[in-house]
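*Asks:* Here is my input, please return the structure:
(one chain, ligands or ions: 1)
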Amino acid sequence: MDLQTLKICTKCKVPKPYYDFNKDKYAREGYYPSCRSCNAHRRLNIHKKAAYDKEYRKTLGWKKAANQYKVSVEFFAEFI
Ligand SMILES: [Zn+2]
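*Replies:* Residues are numbered from 1 along each chain as shown. Have a look, this model is predicted:
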């Protein structure tokens, strides 16, 4: 493997040296198609989305309960 060779990241389209890519034994080239920083971003986004989903479900739960008991969502929010 020539370390001087650049590989273009499929996410940010920036040519980067191979050491900027994580190794992936399942990939044809032996490296991830996207660079380390893009992978890091993606991981961050997944965490953000998970947090958002959790928050969303919680709010949905309140709304359901509020409907059921004929009280406002704010009423529940005070107790949780
Ligand atoms: Zn990238």
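
*Asks:* Could you list the residues of the protein in contact with the ion?
*Replies:* Residues of the chain lying close to the ion by CB under 5 Å from the ion are 9, 11-12, 35, 38. Where C-beta positions appear, they are placed from N, C-alpha and C, glycine not excepted.

*Asks:* Which one (most neighbours) among those?
*Replies:* Neighbour count (other CB atoms under 10 Å) singles out C35 as the most crowded of those, with 24 neighbours.

*Asks:* That residue touches K11, doesn't it?
*Replies:* Yes - C35 lies in contact with K11 (CB atoms under 8 Å); the separation is 7.1 Å.

*Asks:* Now pLDDT too, for the residues of the chain next to the ion, in CSV please.
*Replies:* Output for those, formatted as CSV (pLDDT from 0 to 100):
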residue, pLDDT
C9, 95
K11, 94
C12, 95
C35, 95
C38, 93
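
*Asks:* now the helices: where do they sit in the protein?
*Replies:* Per DSSP state H, the chain carries helices over the ranges 36-69, 73-77.

*Asks:* Worst mean pLDDT among those?
*Replies:* Here the lowest mean pLDDT among the helices of the chain goes to helix 73-77, at a mean of 68.

*Asks:* Give me the most central residue, this protein.
*Replies:* I46 (1.8 Å; CA atoms, centre = their mean).

*Asks:* Contacts only, for that one.
*Replies:* By CB atoms under 8 Å, 6 or more residues apart in numbering, no residues touch I46.

*Asks:* Report how far apart the opening and closing residues of stretch 8-15 are.
*Replies:* 4 Å (CA to CA, to the nearest Å).
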